[in-house]
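Participant: With the input below, show me the fold.
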Amino acid sequence: MLMIMPTSVIQAQDKTVDGIKFRYSTVLSQDEFEIDDYEIAKYDTNINMTYTGPFAGKQKFPIAIVFPESLMASWLFRQAYFDFSIEDEINDIPPVPDQSISSQLDSAFNDSSTTIHLRQKTGTREYLKKNFLPKYFSASQISTLPENWAITHDLKRSALALGYMWGFFIPLGETHRFFKIGMGLGIAMLDNNIIIKFCDSYDVAVNTEKDTQDKEKLANSHEGKCNNPNNLENIAYKEIIASYGGHFTVWERISKDSTWQILSIDNVQIISFYKDDKVKTLDGRYARFTTGLSGADIITYTYRF
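Facilitator: Down below sits the predicted model:
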């Protein structure tokens, strides 16, 4: 379960809680597996993704507590951010291919193909064959790998991020704000359980649906699956690290008793510095796992105390 406490809240003096927010919102988990500059696997909104209407992500709990912000000027604000996820499970995170996943899906749709195969970029595959896979396979096994082999990972994760941000907005009168932007730094606690898997192939079933004119079109999400998985490594670790928070709101209307918001986005990035010989390559590089917690509020109403 992933929840994000909103960072776009209204000014209140000497309050611990400013109000209760009612929202139609989505939440999206973003995770990536890299080895230095080599991208191994990364979330993609086209693969194994839940959609809430046209928006990527699961629907968030419709009620949230709102914390106060402080104004430093008529157009400047500051406030805390607080995001967390509890035992989020994400399986078969797709490989990062040479050609974008969206363009491959478009080509498959145009050619009436029902399946595409995803695998790492050509340069990444060569690097993995030379510096990562020899930890797990013999030279003869590597020389006879399946044509479409790929690496993916499963993830079970709990994370908490707490920090402070500063930002600005365009005021219009006393009640309207436009293009509210904030950025900040903080700390994070991360509890990751990761399984790195070798796949004979990573297949994506190309899904279609009907549009409003009853014509076939690509669906928003497609099922990606690791075929004949071979678990290369099980990793479990906890750490306290830095977090980076960001916020953007298109429009906000404030009154003494309430706040309306249209199209808000909160995002926290947590970059793990975990190092372990389990994920050390033959040339001395380490795997890196990045976590992103992103929430989108389509429309919200806050009742102020």
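Participant: Then Gly184 would be within a helix, right?
Facilitator: No: secondary structure of Gly184, determined by DSSP: H, G, I helix; E, B strand; the rest coil: strand, with no helix assignment.
Participant: Leaving out the residues flanking it, which one is nearest to it?
Facilitator: Once its chain neighbours are removed from consideration, Gly184 has its nearest residue in Met165; the separation is 2.7 Å (Cβ to Cβ, 6 or more residues apart in numbering). Using the backbone N, CA and C atoms, a C-beta is placed for each residue, glycine as well.
Participant: Show me which residues of the helix or strand the one you found falls within are buried.
Facilitator: Taking DSSP states H and E as the definition, one finds Met165 inside strand 150-172. By neighbour count, and taking 16 or more other Cβ atoms under 10 Å as the criterion, the buried residues in strand 150-172 are 150-155, 157-163, 165, 167, 169, 171.
Participant: what do you get for stretch 107-119?
Facilitator: 108-109, 116-119.
Participant: Same question for stretch 286-302.
Facilitator: Neighbour-count burial for stretch 286-302 [16+ other Cβ under 10 Å]: 286-289, 291-298, 300, 302.
Participant: same deal with stretch 39-53?
Facilitator: For stretch 39-53, burial by neighbour count (16+ other Cβ under 10 Å) applies to 39-49, 52.
Participant: swap in stretch 75-87?
Facilitator: Of the residues in stretch 75-87, those scored as buried under the neighbour-count criterion (16+ other Cβ under 10 Å) are 77, 79-85.
Participant: want to throw the residues you listed into JSON lines with pLDDT, distance to Glu209 and secondary structure?
Facilitator: Output for the buried residues of stretch 75-87, formatted as JSON lines (pLDDT from 0 to 100; distance: Cβ to Cβ, whole Å; DSSP: H, G, I helix; E, B strand; the rest coil):
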{"residue": "Phe77", "pLDDT": "94", "distance to Glu209": "42", "secondary structure": "strand"}
{"residue": "Gln79", "pLDDT": "87", "distance to Glu209": "41", "secondary structure": "strand"}
{"residue": "Ala80", "pLDDT": "82", "distance to Glu209": "41", "secondary structure": "strand"}
{"residue": "Tyr81", "pLDDT": "83", "distance to Glu209": "36", "secondary structure": "strand"}
{"residue": "Phe82", "pLDDT": "79", "distance to Glu209": "37", "secondary structure": "strand"}
{"residue": "Asp83", "pLDDT": "79", "distance to Glu209": "32", "secondary structure": "strand"}
{"residue": "Phe84", "pLDDT": "78", "distance to Glu209": "34", "secondary structure": "strand"}
{"residue": "Ser85", "pLDDT": "80", "distance to Glu209": "29", "secondary structure": "strand"}
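Participant: separation between Phe198 and Asn227?
Facilitator: According to Cβ to Cβ, to the nearest Å, Phe198 and Asn227 sit 11 Å apart.
Participant: wait, Ile195
Facilitator: Counting by Cβ to Cβ, the separation of Ile195 from Asn227 is 16 Å.
Participant: again, but for Pro97
Facilitator: Per Cβ to Cβ, Pro97 is found 16 Å from Asn227.
Participant: neighbour-wise, which of those two wins?
Facilitator: A direct count of neighbours by other Cβ atoms under 10 Å for Pro97 and Asn227 places Pro97 higher, at 21 against 14.
Participant: Tell me who's in contact with the closest residue to that one other than its chain neighbours.
Facilitator: Nearest-residue entry for Pro97: Leu118, 5.2 Å, with adjacent residues in sequence omitted and distances by Cβ to Cβ, 6+ apart. When contacts are counted by Cβ atoms under 8 Å, 6 or more residues apart in numbering, Leu118 touches 94-95, 97, 101, 104, 150, 202-204, 224.
Participant: In helices, which of these appear?
Facilitator: Mapping the contacts of Leu118 onto helices (DSSP state H) picks out 101, 104.
Participant: Tell me the one among the contacts of Leu118 nearest to Ala56.
Facilitator: Closest to Ala56 out of those is Ile101 (13.3 Å), distances taken as Cβ to Cβ.
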